[in-house]
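Enquirer: Just a sequence and a predicted model for now, questions to come.
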Number of protein chains: 4
Amino acid sequence: MLRVTVWHEHRHEKINRTVQEIYPDGMHAEMKSAIEEHLGDQVEVTTALLDQDGEHGLGNGVLENTDVLTWWGHGAHDDVRDEIAQRVAQRVREGMGFVPLHSAHYAKPFKLLLGTNNHLRWREAGERERLWVVDPGHPVTAGLDGPADEKGPGGRAEFFELPETEMYGEPFDVPTPDELVFVSWFAGGEVFRSGCGWKRGAGKIFYLRPGHETFPIYKDKNIRRVLANAVKHVAPVAGTTAYRHRSPKIEPALEKLDTGHVVDAALHEH
Amino acid sequence: MLRVTVWHEHRHEKINRTVQEIYPDGMHAEMKSAIEEHLGDQVEVTTALLDQDGEHGLGNGVLENTDVLTWWGHGAHDDVRDEIAQRVAQRVREGMGFVPLHSAHYAKPFKLLLGTNNHLRWREAGERERLWVVDPGHPVTAGLDGPADEKGPGGRAEFFELPETEMYGEPFDVPTPDELVFVSWFAGGEVFRSGCGWKRGAGKIFYLRPGHETFPIYKDKNIRRVLANAVKHVAPVAGTTAYRHRSPKIEPALEKLDTGHVVDAALHEH
Amino acid sequence: MLRVTVWHEHRHEKINRTVQEIYPDGMHAEMKSAIEEHLGDQVEVTTALLDQDGEHGLGNGVLENTDVLTWWGHGAHDDVRDEIAQRVAQRVREGMGFVPLHSAHYAKPFKLLLGTNNHLRWREAGERERLWVVDPGHPVTAGLDGPADEKGPGGRAEFFELPETEMYGEPFDVPTPDELVFVSWFAGGEVFRSGCGWKRGAGKIFYLRPGHETFPIYKDKNIRRVLANAVKHVAPVAGTTAYRHRSPKIEPALEKLDTGHVVDAALHEH
Amino acid sequence: MLRVTVWHEHRHEKINRTVQEIYPDGMHAEMKSAIEEHLGDQVEVTTALLDQDGEHGLGNGVLENTDVLTWWGHGAHDDVRDEIAQRVAQRVREGMGFVPLHSAHYAKPFKLLLGTNNHLRWREAGERERLWVVDPGHPVTAGLDGPADEKGPGGRAEFFELPETEMYGEPFDVPTPDELVFVSWFAGGEVFRSGCGWKRGAGKIFYLRPGHETFPIYKDKNIRRVLANAVKHVAPVAGTTAYRHRSPKIEPALEKLDTGHVVDAALHEH
């Protein structure tokens, strides 16, 4: 059973009528339902919100009991406490999967994990986006449904479209992805690396670009499938190890050494 | 059900008493049993041998009905017909998983897929090899069992050892791997990238170094587990597409174009 | 002094009036002049043509005396002799830089080096292409000149445009590039990884997409600069080594080994 | 003229007699001399020390006027002010080259840039290290001098040795390097990725492992050469751009859009 926590900023629903109308129960409810729709009995999905308790819903062992964390934030990144952001980043390094969504390119834990500024170009004009699959065979692309006359081998989509989106454009200031799965075309003239994977420590990260709050992105059948696929893709693998939490202990040699070297431990610090 | 074909050169068993004694039923039988031991009901494993029929056991639709092909060859790479090697490489590009083992670094289909010469240093001296996990969390490392006092978080191994092996050393003339999972230490002074992953087309490749015929490598519990893990790791993902077999057809535009450009099709060739 | 050979198919100039008018001295002359314009005293550029002598202009030690080879071919890939294609690929592995251009995605040596089919979508409609820089700071992007009001830090371009091009679209069936520098947007709705780098052996490869013969691509100031930059980028580095041409010699141990292992050399083959 | 700043912790020289004897003028003087020995007229090298002024020698425009920063620290990482560490990391993202050395795997700016914990195994036993070149042709390996009977093509080294070193062992908790150049073998049984490159923003990073203070590492001819090579390798390229410092400005469309979408700017925040 994969334990998934859907984290959501949940502020736009309170101030923007369009968002309220699209997502009457909040965007988190829609994301939760998308993951459950496709992963069914394989997952147990809970939600956590920015303004919940004093720890953004991520205290009391929530992170320790989360296998995959999805993260949607757009306007209130600064309201996330540094201490919690650090805690999330550290859990990823220890093996928790992480799926930052849309404007979470600026989310504190994502920036801490990538080490970059994550800047990009943007425009909210409701334009068309076409997401091209540049890595056929990748598990995040499973089950995509594109135009009937544009299918590749196996009857699957080489691209899918979103009729109205916010635009994000290159240059996208992130480290070279370990995996590049989607590249977007925008009607206004830009391109974007819209589906990217990285590893940090023993944890896997998958960033998925679409998700603007004033368009019904999480009701789109393909986005729902990709979101569920991404959750499954970054899940930790049973029976693997993580990186060690190092103590300042000196490792004994695994082979016989006869160097006669004496360490002045009093002076040594690591 | 994952359909696995274990391909084996099967020549050393006929001329070398040591190999006969270690693998009385052939090395392919041992590899098959290792995969079945760990993947059980998930797989259907068959074997194919170099000297079988006129197509190395890979004719009659065998490749079309194989999801993952493992490949062991050492002394008779040149006896593999070019046409069959090309056929194997093409099936990988179309999505079949491929696990070249040990001296299959020189196997024709592997060289065709990588585009390099795959040279390396080597020595057969029965020395100790220690395989270090450099990518904790990677599925190929699941379930490894190392020395009791050397376990990382989760109780899993940071390395495992083989008491007697043939040495392969860097520089290993292959493209930069998409994934590097194991790096070996050898008692004689060399290192080697012993577990490497690449993608070619929609197919995944995982090269696993150990496997010399005069040592009981495929009886080692960790190698058996890694072999099964690798098979599972490179398996194609249901519901994904592959790259298209292009015809020389011109793609119609997906957006309205009004360039007025006229193509002289008679002169055009692609 | 960098020794550059500009290889050209040189067939379209003989049959297509448009190509003749754009490139009265042949496309190779234009490419040569672009490289000389920007690298001046650093280079010595010669040309080689498909129909030259019996070896496509690449016999008589030409390859051995070439540091960087650029390659333009479109309609006659099959007329390149396999033996010569293999020779080119092997020289790249030994350290020669290689710059396949445009339709050379299907060139024999490039396919041999990548190990993939290199399929893509295409359309010749004279549409606009906008090449986005996704790797600012990369040497291949030095000196680009884009629209005045769209410059990034340092006053340099974040993209540049070609008013009329042939379209190439994803999925582009190549291995994950070691470096991705340009991603193209096309007016007709596609995207493409238009500037990609790989290493093979000790040699560097940079593929540059634009270059259709019926548009004056090699007269464009940005393309001229990028072509010269790419040549410089893939040039071999003095004082480095290459991968060894292995003989079947056993390497002596670098450390003292006392395994007592005896190899039956008569049975051993590598 | 490449402006290089050699940053040094400079604490061990004050408390450890061995270090004083090896480096009577401080380790920074030796590093400076190594860079000048090999890059001569191409560089202008200055030094900066942890206990200098209140900004570790990195205030007053020093960073703004530095093209490449090398960083050696071992025992006092915590004494580096967070604000200065952030400033260094940001300069790297803007294009400054960065060469963290040895125990600087734990240096604050390096950790900020990688996003990982950078843990590793270690042992100070004065054992032998052999650094294998796994990327022949890479500029950082130019001019290496190894054992006379172990040279590859071109007469250059496939490895070089350090007779006495501190051991660092895998798993090394860093992101997958964009470039892997050296892998070390240690007499005590470990391996390590000792020469690794990453990009962050427009800046290049090269981590070089050896450098323990109680061994004369920076007097070794090969280490001196590699250090100078690394400085040159990460230097910013003239004429390239960097990532933009984004303002919250909406980008105008580059193509004509007619979506009729109206943005409620009052509610919009990015």
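Expert: Here it is on my side, so go on. Numbering: from 1, shown residues only, chains lettered A, B, ... in the order given.

Enquirer: Show the contacting residues for residue A:58.
Expert: Going by C-beta atoms under 8 Å, 6 or more residues apart in numbering or on different chains, residue A:58 touches A:5, A:7, A:48, A:84, A:87-88. Using the backbone N, CA and C atoms, a C-beta is placed for each residue, glycine as well.

Enquirer: Would you write a ChimeraX line that selects the buried entries of those?
Expert: The buried residues among these can be selected in ChimeraX (16 or more other C-beta atoms under 10 Å in any protein chain shown) with this line:
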select /A:5,7,48,84,87,88
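
Enquirer: List just the nearest of the contacts of residue A:58 to residue D:261.
Expert: Distance to residue D:261, by C-beta to C-beta, is smallest for residue A:7 among the contacts of residue A:58, at 28.2 Å.

Enquirer: distance of the closest one from residue A:228?
Expert: For residue A:7, the distance to residue A:228 (C-beta to C-beta, to the nearest Å) stands at 16 Å.

Enquirer: Then residue A:122?
Expert: 26 Å.

Enquirer: Those two: which is more packed in?
Expert: Remark: of residue A:122 and residue A:228, residue A:228 carries more neighbours, 24 against 20, as counted by other C-beta atoms under 10 Å in any protein chain shown.

Enquirer: Wait, a helix at the more buried one?
Expert: Yes. Under DSSP: H, G, I helix; E, B strand; the rest coil, residue A:228 falls within a helix.

Enquirer: Grab the nearest non-local neighbour of it.
Expert: Once flanking residues are discounted, residue A:228 sits nearest to residue A:38: 3.5 Å by C-beta to C-beta, 6 or more residues apart in numbering or on different chains.

Enquirer: Same check on residue A:73?
Expert: Nearest non-adjacent residue to residue A:73 (C-beta to C-beta, 6+ apart): residue A:9, at 4.2 Å.

Enquirer: How many neighbouring residues does that neighbour have?
Expert: Residue A:9: 25 neighbours (other C-beta under 10 Å).

Enquirer: Output the contacts of residue A:58 in CSV, with pLDDT, secondary structure and distance to chain C appended to each entry.
Expert: Listed next are the contacts of residue A:58 as CSV, based on pLDDT from 0 to 100; DSSP: H, G, I helix; E, B strand; the rest coil; distance: C-beta to the nearest C-beta, whole Å:
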residue, pLDDT, secondary structure, distance to chain C
A:5, 98, strand, 31
A:7, 98, strand, 29
A:48, 98, strand, 33
A:84, 98, helix, 32
A:87, 97, helix, 32
A:88, 98, helix, 27
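
Enquirer: out of the contacts of residue A:58, which one sits closest to chain D?
Expert: residue A:88 (12.3 Å; C-beta to the nearest C-beta).

Enquirer: I'd assumed residue A:64 was in contact with the closest one.
Expert: No. Residue A:88 lies out of contact with residue A:64 (C-beta atoms under 8 Å); the separation is 11.7 Å.

Enquirer: picking up where we left off before, check contacts around the residue nearest to residue A:73.
Expert: When contacts are counted by C-beta under 8 Å, 6+ apart, residue A:9 touches A:49-50, A:72-76.

Enquirer: Would you format those residues as TSV with neighbour count and pLDDT included?
Expert: Shown next, in TSV, are those (neighbours: other C-beta atoms under 10 Å in any protein chain shown; pLDDT from 0 to 100):
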residue	neighbour count	pLDDT
A:49	17	98
A:50	20	98
A:72	24	98
A:73	26	97
A:74	22	94
A:75	18	91
A:76	14	96
